[in-house]
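> Below are the sequence and a predicted model for it; my questions follow.
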Amino acid sequence: MRRRILHLALPCVVLTCVVGAGLSTVLAQQQRDPNQWTTYSGDDSAQRHSPLTQITPANVGRLAVQWMFQTGVAGRLEATPLVVDGIMYLTGPDNHAWALDARTGRQIWHYRRQLPERLNICCGRVNRGFAIQGDRLYMTTLDAHLLSLDARTGNVLFDVEIDDHTKSYTATVAPLIVKDKVIVGIAGAEYGIRGFIDAFDANTGKKAWRFWTVPEPGQPGGNSWSGDAWRRGGGSTWVTGAYDPSLNLVYWGTGNPAPDSLGDVRPGDNLYTDSVVALDADTGTLRWHYQFTPHDVHDWDAVQVPILADLTINGAPRKVLMTANRNGFFYTLDRTNGALLRARPFVRTTWAQEVGQDGKPILLEANRIGPEGTVTCPDVGGGTNWMSPSFNPGTGLFYVTTREVCAKFYAFPQEFVPGHLYWGGAVETIPGEPGYGALRAIDPVSGLVRWEFKYPRPSFGGTLSTASGLVFAGEEDGNVMAFDAASGKNLWRLQTGAGLRAGPMSFMHNGKQYVVVASGQTIIALALPDGR
Amino acid sequence: MRTLTWWTLTFAIVLVTSAPRAQQGEPTNPFQGNAQAIGQGLQLFRSSCASCHGLNAKGVRGPDLTTGQWSRGGTDAQLFRTIMQGIPGTDMPGAQNADATPDQVWAVIAYLRTLSASASAEDARGNAQNGETLFFGGAACSKCHMVRGRGGRLGPDLTRIGATRSRTALITEIRTPSRSFTDGYWPLTVVTKDGRRLRGVRKNEDPFSLQIMDTSEKILSFDHSDLREVIREPRSVMPDYNADQLTDAELDDVIRYLRSLQP
């Protein structure tokens, strides 16, 4: 009903390297067992695309709840559970974690971390999930540690500090396993941390390498800062990245510079904040970067999950990285070198006219903020945010929950005080303009929105694509929904009673395909009643 | 990294009568007078509270916080409880629902303590008894609004409105009610497939269903698929009470009446 084909009359950049459309090969699925869900985004390419085909557009109307697991823990679930060999592994608020029988939802074990009484956490005591290798689980903690748990018991195998929580470092990210390493990110930019991406030995917990997302003076990128602003320059890395084994590169999004709004104290582009960085998986060495929002003053983290795929563009195969950015633009990059192939707004944007040939945004007056306030679109929540997008190699479409909201941004002088929030500004909602949300399907070659399904409210639910041609998505008013991936037609829905803030996943057990969503404090497993 | 946080929520602190009076054994603000904490509180206030209370804390939809008077109690412990837990039945959410830490709330209180001034002389304007007569009579406010169990249901219950809105906000909402709408009261018209048009206010909505109260105070539920159109009305169901319909003196009376209602 609320679906329509869109051809948004939005400004765009069309670079000479991308003319004409086409889609070909699927990125190698890295020996993925389609029955399991072993990493945050499903596989290293982060497509959040399940190869399973038992649930189809033809039968999804019969999808039914198989079981529910009530965590009983205050706060909201933002985690994607993992499933290996019939056991589900889930993390929750305040670093609770569980193992469940994936067939019945019955608890196997429950882990709870004793956290320090005083933690500087800007944005929710959440966690986004486990990583797993063999029978070892890995999770980050609000006091900025990396834990390894025994998958069979929940016992702690190692507990290492990522960084000092008394310096406002915290962690909510689901780790990423790359060969023998556990890759993690950090949070805390709102308190003026200096961000990084770390790799640890998966067996011992020993630090393997660190990549600072904010370089020192004298290092490459160091001249994009002024004075000692780099010491508290932000650049958090709080959502899981992706990995291309053929290039041995880890791709990870970075967050806003600090202070969020007061750009005057940090003149320059503020590398590598609001960027995607491509790192050598063995050493953490930076191979390339692309900065989406130079000198950000709107808190538009670029931590959105980067999706890797192989597309045919102009008749030639291209290894691409796709991301719908919080700043409102959708980007397709060449992931071998970071070259921009396409950038086009996917929501209303008033801060930049377009992305220029040099890959930098051409700024508009609404990008400038000060003490008098400026109305800018998108709002601080962004055109999208941490909610996981997905990509279907069959349709060639990128599915993402989008937000159409504007806000009034202010910048105010503020001194940095360790342990205190360091924003240098404020954000006001606009009376009478609450905005709305939409699930959108974007063609990554053209950047055009191919279909959308509107939500009354801006939402933060993730999406899941399946090889049978379905897209699952959640929204703020409690609905989990299935759509035809090609047309956007809504095929099924369930009102779960609480907003969905996590990405759905899918697995197969005993011949039955399950789709799992997190709603409020509850995990819900869905399947066809008879498995057919 | 800000995403959905208590900072992006708005929360109100309610003014009115009682002066701060600490109870024995109650916690007091560990950051009282602490310059760094006050600066932190200022930042938090601007980012979290300003949407309702205004950047200068003089009140927008939420009350003026510079008068030094607080309807839910003005001791440190009472303010802490009000901010952390919110006020049921009002627009004031609890900061605890968005993971605020105790230190952050204390910092906001430390900042608020620097703002206190004497109550505005304007608060003494008007005659409450005349205001009550107008509310239930000539101004017909009670046709849509309830106070202490008397009145209509189409608009918000106003029993507590005087304690949760500044005088400035009340004037704005009476003179120009279409400037903004509260959740649960967005005006709309639904057009059914057989062409019937029903005007009312939205109680809830998701992508598939819509719940409204129509102008006869009936609760109606629709599937979007059964409707031809949902028209989001730019104008409130409530008329603009301009000076022809409510003189400035009468407006003062109505506001004085609303602000005289003790929760």
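Yes, it's here.
> The closest residue to residue A:85 other than its chain neighbours: neighbouring residues, count only.
For residue A:85, ignoring the flanking residues on the chain, the nearest one in space by Cβ to Cβ, 6 or more residues apart in numbering or on different chains is residue A:36 at 7.4 Å. Bear in mind the C-beta positions are built from the backbone N, C-alpha and C, glycine included. By other Cβ atoms under 10 Å in any protein chain shown, 18 other residues sit near residue A:36.
> cool, and the one 10 residues further on?
Look at residue A:46: counted by other Cβ under 10 Å, it has 29 neighbours.
> Per-residue pLDDT of it, please?
Residue A:46 carries a pLDDT value of 98.
> picking up where we left off before, so the residue nearest to residue A:85 touches residue A:87, yeah?
No: using Cβ atoms under 8 Å, residue A:36 is not in contact with residue A:87; the gap is 10.2 Å.
> Roughly how far does the residue nearest to residue A:85 sit from residue A:91?
17 Å (Cβ to Cβ, to the nearest Å).
> Pull up the gap between the nearest residue to residue A:200 once chain neighbours are set aside and residue A:146, please.
Spatial nearest neighbour of residue A:200, chain neighbours left out: residue A:182 (4.7 Å); criterion: Cβ to Cβ, 6+ apart. When distance is defined by Cβ to Cβ, residue A:182 is 7 Å away from residue A:146.
> shared neighbours of those two, anything?
With contacts defined as Cβ atoms under 8 Å, 6 or more residues apart in numbering or on different chains, the residues shared by residue A:182 and residue A:146 are A:138, A:175, A:200.
> hang on, isn't residue A:55 packed against residue A:515?
Yes: the criterion here is Cβ under 8 Å, and residue A:55 meets it with residue A:515 at 6.7 Å.
> Which one of these two is surrounded by more residues?
Between residue A:55 and residue A:515, counted using other Cβ under 10 Å, the more crowded position is residue A:55 (27 against 24).
> quick check, the more buried one in a helix?
No: the assignment for residue A:55 is coil, going by DSSP: H, G, I helix; E, B strand; the rest coil, so no helix is present there.
> Look up how far chain B lies from it.
Distance, residue A:55 to chain B, by Cβ to the nearest Cβ, to the nearest Å: 20 Å.
> What is the neighbour count of residue 130?
Just so you know, I chose chain A. By other Cβ under 10 Å, neighbour count at residue A:130 equals 29.
> hmm, I had chain B in mind actually
Residue B:130: 17 surrounding residues under other Cβ under 10 Å.
> Can I get stretch A:234-248 in PDB, CA atoms only?
Extracted C-alpha coordinates of stretch A:234-248, given in PDB (Å, rounded to 0.1, in the frame of the first residue of the first chain):
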ATOM      1  CA  GLY A 234      37.200  10.900  18.600                       C
ATOM      2  CA  GLY A 235      36.900   8.500  15.700                       C
ATOM      3  CA  SER A 236      35.200   5.700  17.500                       C
ATOM      4  CA  THR A 237      34.700   2.300  15.700                       C
ATOM      5  CA  TRP A 238      31.600   0.900  17.400                       C
ATOM      6  CA  VAL A 239      30.100  -1.200  14.600                       C
ATOM      7  CA  THR A 240      31.600  -4.400  13.000                       C
ATOM      8  CA  GLY A 241      33.400  -4.100   9.700                       C
ATOM      9  CA  ALA A 242      34.000  -6.600   6.800                       C
ATOM     10  CA  TYR A 243      36.900  -8.600   5.400                       C
ATOM     11  CA  ASP A 244      38.000  -9.500   1.900                       C
ATOM     12  CA  PRO A 245      40.300 -12.600   2.100                       C
ATOM     13  CA  SER A 246      41.400 -12.100  -1.600                       C
ATOM     14  CA  LEU A 247      42.800  -8.700  -0.700                       C
ATOM     15  CA  ASN A 248      43.500  -9.500   2.900                       C
END
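> Give me the more crowded residue out of residue A:182 and residue A:146.
For residue A:182 and residue A:146, the more surrounded residue by other Cβ under 10 Å is residue A:182, and the numbers stand at 25 against 22.
> Work out for me the element the more buried one sits within.
strand A:181-185 (DSSP states H and E).
> contacting residues around that strand?
Residues contacting strand A:181-185 (Cβ under 8 Å, 6+ apart): A:131, A:133, A:138, A:140, A:146, A:148, A:162, A:171, A:173, A:175-177, A:195-202, A:208, A:236-241, A:250, A:252, A:281, A:303.
> before we move on, back to that, spit out the residues that contact residue A:55 and residue A:515 alike.
A:63, A:506, A:527.
> how long is stretch A:411-421 from one end to the other?
14 Å (Cα to Cα, to the nearest Å).
> do it and chain B meet at all?
Yes: Stretch A:411-421 reaches chain B (Cβ under 8 Å from any Cβ of the partner chain) through A:412, A:414-415, A:417, A:420-421.
> what is the rounded mean pLDDT of stretch A:172-180?
Stretch A:172-180 shows a mean pLDDT of 98.
> mind listing what's buried in that stretch?
For stretch A:172-180, a neighbour-count test (16 or more other Cβ atoms under 10 Å in any protein chain shown) marks A:172-178 as buried.
> now do stretch A:219-237
A:221, A:224-225, A:229-230, A:232-237.
> Provide a PyMOL selection command restricted to the buried entries of the residues of stretch A:411-421 next to chain B.
In PyMOL, a selection of the buried entries from the residues of stretch A:411-421 next to chain B looks like this (16+ other Cβ under 10 Å):
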select buried, chain A and resi 412+414+417+420+421
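> Mind putting the residues of stretch A:411-421 next to chain B into a markdown table with pLDDT?
Below are these laid out as a markdown table (pLDDT from 0 to 100):
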| residue | pLDDT |
| --- | --- |
| A:412 | 90 |
| A:414 | 85 |
| A:415 | 86 |
| A:417 | 85 |
| A:420 | 82 |
| A:421 | 83 |
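> Where do the helices of the chain begin and end?
Chain wasn't specified; assuming chain A. Secondary structure of chain A (DSSP state H): no helices located.
> think we crossed wires, I meant chain B
So, for chain B - with DSSP H - the helices run B:35-48, B:50-53, B:76-85, B:102-113, B:128-136, B:161-164, B:167-175, B:248-260.
> Tell me, how many residues neighbour the residue of the stretch 1-150 of chain B at minimum distance from chain A?
In the stretch 1-150 of chain B, the residue that lies nearest chain A is residue B:46 (3.6 Å; Cβ to the nearest Cβ). For residue B:46, the count of nearby residues is 27 (other Cβ under 10 Å).
> Student question: in chain B, what's the helix or strand with minimum average pLDDT?
helix B:50-53 (a mean of 74; mean pLDDT, DSSP states H and E).
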